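[1] Quick one, what's the 3D model for this:
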Amino acid sequence: MTSEPGTAELGTSESGASESGASKFGASKFGASTSGGSERGASGSGTVEPGTSEARDEAATAWALAARGGDPYAVDRFVRALRPDVVRYLTRVGADHQAADDLAQDTFLRALGSLHRFEGRSSARTWLLSIARRTVVDSLRYAAARPRLADTDDWTTCADRARPTGLPGFEEGVALLDLLDALAPERRQAFVLTQLAGLAYEEAAELSGCAVGTIRSRVARARATLVELLARTQ
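    The predicted model follows:
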């Protein structure tokens, strides 16, 4: 897999998280221990039941706040606590195993580069997943700017496991990828950009070089075709 924006190796970043920034936080390999000794607890309010999702979110947020000063142990705990959630999210929106690893790596590079701005107004998990989403969108934008847009493997990667909202039948195991292959290339492109990548219609139109109304029409026709194909499988 070639490196693209959104899939940068450690030491590079398309979002301003430089190698020196990652080194400052002692995170040369995300998930690898950066500190020996016994585990130190993250401070929390102590008002939630241990082991619950709320407790895990609270602990991860406390680690993120502690990591803002560059404490390598706090960074390690922050990454370990939330990396599974990031990879799970990336897989859910369509990344294969290798792509999810690459995108998760870039997500954490971006997060560590802007961690000093995190103030805990939302949970660290919510904040980090918003960065993961932007990483995916940036990667798709880069792919969309390349020639032969509809024929690139990026759309296969994105669509293979993703599930759009508002379409019945996917719970029965119908593969979205197979259905997308039945769409005309320009309709498939519009559907993936807006329904899977989450781009605004205006952004999708700019990337596709057409009017916003054209994108809306293509998406509507793509959805109608998918619903019809789903009905045939039932």
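[2] Could you point out which residue ranges in the chain have low pLDDT?
    Applying pLDDT under 70 to the chain picks out residues 1-51, 92-95, 141, 143-178, 196-198, 233-234.
[3] if you go through it in chain order, where are the strands?
    Under the criterion DSSP state E, the chain carries no strands.
[4] can you list the domain ranges for this structure.
    The chain breaks down into these structural domains: 19-35+42-142, 149-233 (assignment by automatic domain parsing).
[5] burial count for the closest residue to Ala100 other than its chain neighbours?
    Closest residue in space to Ala100, ignoring its immediate chain neighbours: Leu90 at 4.2 Å, by C-beta to C-beta, 6 or more residues apart in numbering. Where C-beta positions appear, they are placed from N, C-alpha and C, glycine not excepted. Neighbour count for Leu90, taken as other C-beta atoms under 10 Å: 24.
[6] if I look at Leu90, how far off is Thr214?
    To Thr214, Leu90 is 30 Å away according to C-beta to C-beta, to the nearest Å.
[7] Equivalent analysis for Thr135, please.
    From Thr135 across to Thr214, the span is 28 Å (C-beta to C-beta).
[8] Who has more neighbours out of the two?
    When Thr135 and Thr214 are compared on other C-beta under 10 Å, the one with more neighbours turns out to be Thr135, at 28 against 16.
[9] Surely Leu90 and Ala132 touch.
    Yes. Contact criterion C-beta atoms under 8 Å: Leu90 and Ala132 qualify, at 6.2 Å.
[10] shared neighbours of these two, anything?
    By C-beta atoms under 8 Å, 6 or more residues apart in numbering, Leu90 and Ala132 have these common neighbours: 103-104, 107.
[11] In helices, which of the residues you listed appear?
    Members of the shared contacts of Leu90 and Ala132 lying in helices (criterion: DSSP state H): 103-104, 107.
[12] Ranking by neighbours, what's the top pick from the residues you listed?
    That'd be Thr107 among these, by other C-beta under 10 Å, with 30 neighbours.
[13] Could you measure from the residue lying closest to that one once chain neighbours are set aside over to Phe108?
    In space, and not counting its chain neighbours, Thr107 is closest to Ala132: 4.5 Å by C-beta to C-beta, 6+ apart. Distance, Ala132 to Phe108, by C-beta to C-beta: 9 Å.
[14] Right, I'll call it a day here.
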